[in-house]
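Trainee: just the structure for this:
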Amino acid sequence: MTVNGSGTTAGTGTLPGDVPAGRTPGGGKVLLEVRHLVQEFPVRNAGGVKGGMLQAVSDVSFSLHAGESLGVVGETGSGKSTLARSIVQAPPPRSGEVIFDGVDLVKLKRRQMERLRRHMQMVFQDPFGSLDPKWRVSDIVAEPLVAYRVGGRQERRARVDLLLELVGLDPEVHGVRHPGQLSGGQAQRVAIARAIALSPQLLICDEPVSSLDVLVQAQVLNLFEKLRQELDLAYLFIAHDLALVKQVSDRVAVMYLGKFCEVGPSESLYEEPLHPYTFALLKSIPDPDPETGRVRSKDVISGELPSPLDPPSGCRFRTRCPRAQARCAEEVPELRMVGEDHLVACHFPLSVKSGGDLTAVGSAVAPDTASS
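Mentor: Just a heads-up that it's a prediction; the model follows:
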């Protein structure tokens, strides 16, 4: 028995067919459009004295189509999670627009936003932290159905069973357990089941597999891809691991210190990165050493991430970039199209002809320019 968004019985069927009105399965309409989003937080010193503004997200714009998966990657402190929370208005951004299915969320009142949140759900890094330890799994998954008054008790129970089966759990075995009786992978599956209970159009996944071991990560990633195909979900998939994001993303946006520095189709971004930071992240991915059998990591990013309280002028990556020149300190690079559907914010982007050599294109940089 499937229950539609209005809470009435829609007859027999399965979740893949439970599509909200006005939504085109597999369609290409723009579902989410973020325009010039800025998120800043006041920082206070000892005694409560204001010590400046922390620029967590600075002028970020992008669009996401129905059924599409956009990966957002970057180091810890790059602003990825803050971007996700700003999109769902928790808290609202300082400025900019977040247009979801034609509605600017920034302009909505609290109650209006609560009604819309059923169509855009979040999956968090720590599943145990998002699940009430005192509740049974079946009650946790049913919680959003109860909150939005979807169906009666029998309809909700049938839907919960269907949801648990969809994420690979046995309703009779796992439905009666409490979160503390589950493994990390099982707990995350419960969190995913709860997130899709109301047939959302968008899932925002904030590091959803980073707390799981490698084998379980692969299983959960496969589940995400399965659900996307069956439910026509759109994903904003946030992670710090480029290798993980590639598996579930149509496009990838690379974020550094609050800004997007490169956005492109997954395959082309991995095969031909244009921004030095993307190149460095790819080279930092551990790979098996055939001689020793050990895993080695090529760390090619030097220096520490600058403080978002006082980001560098011009290009924010210039203090760690081996290709930085005087122009990089004076002028903020804008995202511009380079090739088909590939954008980069760099005054001296890498060239395909360079063969991946960071110093192959452009002139050398004076040491004081790169480190200032």
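Trainee: wait, Q188 sits on P127?
Mentor: Yes: the pair Q188 and P127 passes the contact test of C-beta atoms under 8 Å, sitting 4.2 Å apart. For glycine as for every other residue, the C-beta is placed from the backbone atoms N, C-alpha and C.
Trainee: quick one: secondary structure of F237?
Mentor: Using DSSP: H, G, I helix; E, B strand; the rest coil, the structure places F237 in strand.
Trainee: what about it, how many residues nearby?
Mentor: 27 (other C-beta atoms under 10 Å).
Trainee: isn't S313 right up against R327?
Mentor: No: here S313 does not reach R327: they are 11.4 Å apart, not a contact under C-beta under 8 Å.
Trainee: between Q188 and P127, which one's more packed in?
Mentor: Here Q188 and P127 are compared on neighbour count by other C-beta under 10 Å; more neighbours surround Q188, at 29 against 25.
Trainee: what helices or strands is the helix or strand where the more buried one lies leaning on?
Mentor: Per DSSP states H and E: Q188 is located in helix 184-195. Helix 184-195 makes packing contacts with strand 120-123, helix 127-130, helix 137-147, helix 153-166, helix 214-231 when contacts are defined by 3 or more C-beta pairs under 8 Å, 6 or more residues apart in numbering; DSSP states H and E.
Trainee: C-terminal to that helix, what's the next element?
Mentor: That would be, after helix 184-195 and using DSSP H and E, strand 202-206.
Trainee: ok, that following strand: who's next to it in the sheet?
Mentor: strand 120-123 (parallel), strand 234-239 (parallel) (DSSP bridges).
Trainee: out of the ones you listed, nearest to E75?
Mentor: Smallest distance to E75 across the strands paired with strand 202-206 (C-beta to C-beta): 11.2 Å, for strand 234-239.
Trainee: give the buried residues for the next helix or strand after the closest one.
Mentor: Downstream of strand 234-239, the first helix or strand assigned by DSSP H and E is helix 242-248. Judged by neighbour count (16 or more other C-beta atoms under 10 Å), helix 242-248 contains these buried residues: 242, 244-248.
Trainee: just the strands paired with strand 202-206: most buried one?
Mentor: Mean neighbours per residue, mean count of other C-beta atoms under 10 Å, is largest over the strands paired with strand 202-206 for strand 234-239, with a mean of 25.
Trainee: check what contacts that strand and list those residues.
Mentor: Around strand 234-239, the neighbours that count as contacts under C-beta atoms under 8 Å, 6 or more residues apart in numbering are 31-32, 64-73, 80-81, 83-84, 87, 201-210, 224, 228, 245, 248-249.
Trainee: mind checking which of the residues you listed are buried?
Mentor: Buried members of those, counted by 16+ other C-beta under 10 Å: 31-32, 64-73, 80-81, 83-84, 87, 201-209, 224, 228, 245, 248-249.
Trainee: what about this structure, any weak spots by pLDDT?
Mentor: In the prediction, the chain carries residues with pLDDT under 70 at positions 1-27, 47-49, 287-300, 352-372.
Trainee: before we move on, the earlier item: JSON lines for the strands paired with strand 202-206, including distance to D104?
Mentor: Written out in JSON lines, the entries for these read as follows (distance: least, C-beta to C-beta, whole Å):
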{"stretch": "strand 120-123", "distance to D104": "14"}
{"stretch": "strand 234-239", "distance to D104": "18"}
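Trainee: of those strands, which approaches L54 most closely?
Mentor: Of all the strands paired with strand 202-206, it is strand 234-239 that lies closest to L54, at 19.0 Å by C-beta to C-beta.
Trainee: give me the angle between the closest one and helix 214-231.
Mentor: Orientation check (axes from the mean of the first three to the mean of the last three C-alpha atoms, to 10 degrees): strand 234-239 against helix 214-231 gives 160 degrees.
Trainee: just the helices in this protein please.
Mentor: Here the chain has its helices, by DSSP state H, at 80-87, 110-116, 127-130, 137-147, 153-166, 171-174, 184-195, 214-231, 242-248, 266-271, 276-283, 326-330, 367-371.
Trainee: single out the most deeply packed of the helices and strands packed on helix 184-195.
Mentor: Mean neighbour count, computed with mean count of other C-beta under 10 Å, is highest for strand 120-123 among the helices and strands packed on helix 184-195, reaching a mean of 22.
Trainee: convert the C-alpha atoms of that strand to CSV, please.
Mentor: Output in CSV follows, covering the C-alpha atoms of strand 120-123 (Å, rounded to 0.1, in the frame of the first residue of the first chain):
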residue,chain,number,x,y,z
MET,A,120,14.5,18.3,0.7
GLN,A,121,16.0,16.0,3.4
MET,A,122,19.5,15.6,4.8
VAL,A,123,21.6,12.6,5.6
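Trainee: who's in contact with that strand?
Mentor: Applying C-beta under 8 Å, 6+ apart, the external contacts of strand 120-123 come out as 32, 84, 87-88, 100, 188, 191-192, 195-196, 198, 200-206, 208.
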